[in-house]
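**Student:** sequence unknown, structure follows:
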């Protein structure tokens, strides 16, 4: 074929090397008994239905009198921020003296089919905020929201500003309809009523396949071709498998909450219009006057920078800062750069406003 000059010896050598790595990968995998994640010790201080509120005690000198509550997204498990010791934003925050609480939403089942955004934000999240304030004996808490959990945190703070001292959003969508928002271009075609009426709860595996389809070459072909390199030795194999475990550990989504989130936020973009309804309460982001730190990834394909940066024009805070991390959606938390930059920046920002 014109334009190709394939040396048979080079091809044979590459095939031999690929097969050698495959065999080594098989041997590595056969020696692994389990893939451990979420290893940082914690205490469960409050439970409600599937929800568990975790408390992580810092062994370092306390840097802030006000504790930090972390609100993660519903669509994945929160151990992304505690994947392994060398890639744990949670551990970095604890080492720097933060007292941390984290909401574990659990795994919805058929009994949760009718949970809606009112239940998640006005009830569950509000109850967790109150439990943190009681446990820490403070009038307010700092709140850090991640991805969809950041959107929840914005809604909650706008509705309950007196309970939140400082707000941090990470990879959080605000304008859901930017031109480069791949999720919007997928979500706008979803018939949410048909999906919920058909499935009840939306299967996490189906959502996961949808996310992977947004970048089929990088998340499919390239990842699979590079897998033998990742699995050659025990430590790199465990790092790879921890990430894979998190990716495919996707809880089902409570049907009504999914319906409301897709229609109000993605399809109607009501948050940025000031029209989002959580129960019977309308969310007006101008009610947010707290200091706010907005962290986003330069190469985030799920929440592109413009989707997050739109927040600056929506709130009334006179103390608004942005932090851009040269990483993708997950790299903001697990990359080496994130370990050395993001956690210290969060702690310094909070300490300055404590």
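**Tutor:** Ah, there it is. Only a predicted model underlies this, so the values are computations on that prediction, with no experimental measurement involved. Residues are numbered from 1 along each chain as shown.
**Student:** Can I take it that residue 40 is in a strand?
**Tutor:** No: according to DSSP: H, G, I helix; E, B strand; the rest coil, residue 40 belongs to no strand; its state is coil.
**Student:** how near is the closest residue in space to it that isn't next to it in sequence to residue 232?
**Tutor:** Once flanking residues are discounted, residue 40 sits nearest to residue 82: 5.1 Å by CB to CB, 6 or more residues apart in numbering. (C-beta placed from N, C-alpha, C; glycine too.) To residue 232, residue 82 is 25 Å away according to CB to CB, to the nearest Å.
**Student:** Going by how many neighbours each has, rank the two and give me the top one.
**Tutor:** Neighbour totals were compared for residue 82 and residue 232, and residue 82 leads with 22 against 17 (other CB atoms under 10 Å).
**Student:** For the more buried one, grab phi and psi.
**Tutor:** As for residue 82, its main-chain torsions (degrees, to the nearest 10) stand at phi -140, psi 50.
**Student:** Looking at the protein, which helix is longest?
**Tutor:** In the chain, assigned by DSSP state H, the helix with the most residues is helix 8-30.
**Student:** After that one, which helix or strand is next?
**Tutor:** Using DSSP states H and E, the next helix or strand after helix 8-30 towards the C-terminus is strand 43-48.
**Student:** Who are the contact partners of residue 61?
**Tutor:** By CB atoms under 8 Å, 6 or more residues apart in numbering, residue 61 lies in contact with residue 97.
**Student:** and it, helix, strand or coil?
**Tutor:** Per three-state DSSP, residue 61 ends up coil.
**Student:** And it, what's its pLDDT?
**Tutor:** In this model, residue 61 is scored at 93, pLDDT.
**Student:** ok, now residue 82?
**Tutor:** With respect to pLDDT, residue 82 scores 95.
**Student:** so what's it up against?
**Tutor:** Counting by CB under 8 Å, 6+ apart, residue 82 makes contact with 37, 38, 39, 40, 88, 89, 90, 91.
**Student:** Against residue 69, how distant is the first one?
**Tutor:** Residue 37 sits 21 Å away from residue 69, going by CB to CB.
**Student:** The two - which one has more neighbours?
**Tutor:** residue 69 (24 against 19).
**Student:** Doesn't the more buried one belong to a strand?
**Tutor:** Yes: the assignment for residue 69 is a strand, going by three-state DSSP.
**Student:** So it sits against residue 132, correct?
**Tutor:** Yes: judged on CB atoms under 8 Å, residue 69 makes contact with residue 132 at a distance of 5.0 Å.
**Student:** list residues touching both of those two?
**Tutor:** By CB under 8 Å, 6+ apart, the residues touching both residue 69 and residue 132 are 101, 141.
**Student:** Can you read off the pLDDT for residue 126?
**Tutor:** In this model, residue 126 is scored at 98, pLDDT.
**Student:** which SS state does it fall under?
**Tutor:** helix.
**Student:** show me the contacts for it.
**Tutor:** Counting by CB under 8 Å, 6+ apart, residue 126 has contacts 156, 160.
**Student:** Kindly report the same for residue 346.
**Tutor:** 93, 144, 168, 293, 295.
**Student:** same deal with residue 302?
**Tutor:** Residue 302 sits next to 147, 171, 182, 183, 211, 214, 329 when contact means CB under 8 Å, 6+ apart.
**Student:** same check, this time on residue 58
**Tutor:** So residue 58 contacts 94, 95, 97, 98, 99, 100 (CB under 8 Å, 6+ apart).
**Student:** Likewise for residue 259?
**Tutor:** Taking CB under 8 Å, 6+ apart as the test, what residue 259 contacts is 192, 193, 195, 196.
**Student:** Just name the closest of the residues you listed to residue 342, please.
**Tutor:** Of all the contacts of residue 259, residue 192 has the smallest distance to residue 342: 33.6 Å, by CB to CB.
**Student:** Endpoints of stretch 276-290, how far apart?
**Tutor:** 20 Å (CA to CA, to the nearest Å).
**Student:** How about stretch 115-127?
**Tutor:** End to end - CA to CA - stretch 115-127 spans 15 Å.
**Student:** in it, what counts as buried?
**Tutor:** Buried residues in stretch 115-127, counted by 16 or more other CB atoms under 10 Å: 115, 116, 117, 118, 119, 120, 121, 122, 123, 124, 125.
**Student:** now swap in stretch 109-116 and tell me
**Tutor:** Buried residues in stretch 109-116, defined by neighbour count with 16+ other CB under 10 Å: 112, 113, 115, 116.
**Student:** That one - what's its average pLDDT?
**Tutor:** 97.
**Student:** before we move on, what about stretch 194-211?
**Tutor:** In this model, stretch 194-211 carries a mean pLDDT of 90.
**Student:** now stretch 346-353
**Tutor:** For stretch 346-353, the per-residue pLDDT averages 97.
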